[in-house]
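Student: fold the following.
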Amino acid sequence: MTPKRVVITGTGWITPLGSDVDAVWARLLAGESGIGPVTRYDASTFATDFAAEVKGFDLADFMGADAAKHPTAGISTRFALAAATNAWKQSGLASVAGFNPDRLGIYLGAGEGSLDAVNFPAAIIDSYNAETRGVDAVKWATRAYQGMRAEWETEQEPHLTISHLSHAFDARGPAMNCMTACAAGAQCVGEAAEIIRRGDADIMLAGGAHSMIHPLGMTGFVRLTAMSTRRDSPKTASRPFDATRDGFVMGEGAGMLVLEELEHARTRGANILAEVAGYGSTADAYRITDIQPDGLGGAGAMGLALKQAGIDPAATDASGRPMVHYINAHGTGTQENDKIETRAVKNVFGELAPKVPFSSIKSMLGHLIQAAGTVELIVCLKCIETGMIPPTRNLENPDPNCDLDHVPHEARDLNAAGGIEVCLSNSFGFGGQNDTVCVRRFVG
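Tutor: Here you go, the predicted structure:
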């Protein structure tokens, strides 16, 4: 049986720069940063006291009175509900009657649920700020749990976000959750597309949602020395591919897509934003806390995505351009990730690698962890739509080991060169999970 084609008809995101897709896109092209001091709790004694927080968020602004149907939802779930609501509206499905809910599924990349500072009682937060000052966070968490209500315990289960989404959209088809850390936002889209390709659903809501801007989440990564400690200049702290980079910056948010089987979308006259052309997933099979040094895992994921899309990475068009016009880098700003991802791109594209623009929006949004891959995939859709590429901010002193075209400082307009037809989005997870999604302009 010939695999079905999968298209994207709706997008929605919640980011540190806002929630309106076009408005956030404009801010990314302008190189704006959503990074600043932590306001959720007193982080003054932490090695990292800054993050990319979502500001002024209220689920009722997106769902209206229906927000009241989710009173116990944690912050990650609320982000997912809001982003999904916007994606659903853009897809036009909100006004379509009669589609089969048994053919509507959900594939989500979600974190640890509502274990966040927003839901902890004020007295517990005060206790943390006043008493611990470096005390083992696990001991503090034990005390904190004693003050939590029973529903908060259930809401920390990652799959509960799927239950909220299923309820909100009457989705009765496949319902799945992946917890592959920073790769989850891409993996859920790729796997959701595979579900449609094999005929198990007509529509999939797919995306990632996460918030770790709370004492426990931040403490963990500080202890791992994975986050930037550039306390004197938060907006310049996320420095992918820069020689002075010292770690990633924690972000939060959600990205959600509506994926549809092509004929289903055509039949209802949907506006098709792009096609999911290919997907690749690999594991490093290396160390838990280190990336495979030669970039073989990342290269493998890119290679599989290109193979499924029918794209030869060594081929060029009539003007000499590579067939891939942009790669959205995982680009975290850690020493190892950036140079190994650069090596992986070289492994795939060979001599053409320097000709493929390859930028990181984590320099502006921080690292949205399990939401990152989907948000970055939406960026790829906007690249295809507008012919523009967002810059890598703060790239002042390029690392000689990161010597590709990282689009420093300013957005790039490729319309005169023929626009943007094909993009890759890379997402590499802690522990060695690698996922790449290839999207291209839809041609009927």
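
Student: show me where the stretch 201-350 of the chain has strands.
Tutor: 203-211, 252-261, 274-283, 326-328 (DSSP state E, counting those that start in this stretch).

Student: partner strands of the second one, with direction?
Tutor: In other words, strand 252-261. Strand 252-261 sits in its sheet next to strand 6-14 (antiparallel), strand 203-211 (antiparallel), going by DSSP bridges.

Student: now do that strand against strand 274-283, angle only.
Tutor: Strand 252-261 and strand 274-283 meet at an angle of 120 degrees, taking axes from the mean of the first three to the mean of the last three C-alpha atoms, to 10 degrees as the criterion.

Student: keeping just the C-alphas, turn strand 252-261 into CSV.
Tutor: Provided in CSV are the C-alpha atoms of strand 252-261 (Å, rounded to 0.1, in the frame of the first residue of the first chain):
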residue,chain,number,x,y,z
GLU,A,252,9.3,27.2,28.5
GLY,A,253,6.3,27.0,26.3
ALA,A,254,4.4,24.8,23.8
GLY,A,255,4.1,24.2,20.1
MET,A,256,1.3,22.3,18.5
LEU,A,257,0.5,21.3,14.9
VAL,A,258,-2.6,20.0,13.2
LEU,A,259,-1.4,17.2,10.8
GLU,A,260,-3.8,15.8,8.2
GLU,A,261,-3.9,13.1,5.6
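
Student: quick one: mean pLDDT over it.
Tutor: Averaging pLDDT along strand 252-261 gives 98.

Student: pull out the buried residues from that strand.
Tutor: In terms of neighbour count (16 or more other C-beta atoms under 10 Å), strand 252-261 has its buried residues at 252-261. The C-beta positions use only the backbone N, C-alpha and C, and glycine is treated the same way.

Student: output those as TSV; include the columns distance to residue 199.
Tutor: Converted to TSV, the buried residues of strand 252-261 look like this (distance: C-beta to C-beta, whole Å):
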residue	distance to residue 199
252	35
253	32
254	28
255	26
256	23
257	19
258	18
259	14
260	13
261	8
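
Student: to residue 86, which of the strands paired with strand 252-261 lies closest?
Tutor: strand 6-14 (3.2 Å; C-beta to C-beta).

Student: helix or strand next in line after the closest one, which one?
Tutor: Going down the chain from strand 6-14, the next helix or strand is helix 21-29, by DSSP states H and E.

Student: re the thing from before, deepest-packed of the strands paired with strand 252-261, please.
Tutor: strand 203-211 (a mean of 33; mean count of other C-beta atoms under 10 Å).

Student: pull the CA atoms of it into CSV?
Tutor: Output in CSV follows, covering the C-alpha atoms of strand 203-211 (Å, rounded to 0.1, in the frame of the first residue of the first chain):
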residue,chain,number,x,y,z
ILE,A,203,-6.0,14.0,11.8
MET,A,204,-3.3,14.2,14.5
LEU,A,205,-2.7,17.0,17.1
ALA,A,206,1.0,16.8,17.6
GLY,A,207,3.4,18.9,19.6
GLY,A,208,5.4,19.4,22.8
ALA,A,209,4.8,21.4,26.0
HIS,A,210,7.1,21.9,28.9
SER,A,211,8.1,24.2,31.8
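
Student: check the offset of it from the chain's centre.
Tutor: Distance of strand 203-211 from its chain centroid, counting by C-alpha atoms, centre = their mean, to the nearest Å, is 9 Å.

Student: for the strands paired with strand 252-261, which one sits closest to residue 442?
Tutor: Nearest of those to residue 442, taken as C-beta to C-beta: strand 6-14 at 5.9 Å.

Student: out of the strands of the stretch 201-350 of the chain, which gets nearest to residue 229?
Tutor: Using C-beta to C-beta, those put strand 252-261 closest to residue 229, at 19.2 Å.

Student: of the strands paired with strand 252-261, which is nearest residue 81?
Tutor: strand 203-211 (8.6 Å).

Student: in CSV: the strands paired with strand 252-261, plus distance to residue 157 and mean pLDDT.
Tutor: Converted to CSV, those look like this (distance: least, C-beta to C-beta, whole Å; pLDDT from 0 to 100):
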stretch, distance to residue 157, mean pLDDT
strand 6-14, 21, 98
strand 203-211, 14, 96
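
Student: closest one to residue 383 among the ones you listed?
Tutor: For residue 383, the closest of the strands paired with strand 252-261 is strand 6-14, at 12.8 Å, according to C-beta to C-beta.

Student: in the chain, which helix or strand is least confident?
Tutor: helix 122-127 (a mean of 46; mean pLDDT, DSSP states H and E).

Student: still on that earlier bit, adding distance to residue 164, write the strands of the stretch 201-350 of the chain out as JSON lines.
Tutor: Formatted as JSON lines, the strands of the stretch 201-350 of the chain follow (distance: least, C-beta to C-beta, whole Å):
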{"stretch": "strand 203-211", "distance to residue 164": "10"}
{"stretch": "strand 252-261", "distance to residue 164": "12"}
{"stretch": "strand 274-283", "distance to residue 164": "25"}
{"stretch": "strand 326-328", "distance to residue 164": "28"}
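
Student: wait, which of those strands is closest to residue 352?
Tutor: Residue 352 lies closest, by C-beta to C-beta, to one member of those: strand 326-328, at 11.6 Å.

Student: neighbouring strands of that closest one in the sheet, and parallel or not?
Tutor: With DSSP bridges as the test, strand 326-328 is paired with strand 358-359 (parallel), strand 422-429 (parallel).

Student: just tell me which of those strands ends up closest to residue 167.
Tutor: The minimum distance between residue 167 and those falls on strand 422-429, with 27.7 Å, by C-beta to C-beta.

Student: now that closest one, how far from the centre of its chain.
Tutor: Remark: strand 422-429 is offset 10 Å from the chain centroid, using C-alpha atoms, centre = their mean.

Student: residue contacts, residue 242?
Tutor: Residues counted as contacts of residue 242 (C-beta atoms under 8 Å, 6 or more residues apart in numbering) are 333, 394-399.

Student: which of those are buried, as a ChimeraX select command?
Tutor: Entered in ChimeraX, the line below selects the buried ones among these, by 16+ other C-beta under 10 Å:
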select :333,394,395,399
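
Student: list just the nearest of the contacts of residue 242 to residue 420.
Tutor: residue 395 (20.7 Å).

Student: burial of the residue nearest to the closest one when sequence neighbours are not counted, as a residue count?
Tutor: Excluding the flanking residues, the one nearest residue 395 by C-beta to C-beta, 6 or more residues apart in numbering is residue 408, at 4.0 Å. For residue 408, the neighbour count with other C-beta atoms under 10 Å is 18.

Student: same question, the one 5 residues further on
Tutor: By the measure other C-beta under 10 Å, the count of residues near residue 413 is 13.

Student: many thanks, have a good one.
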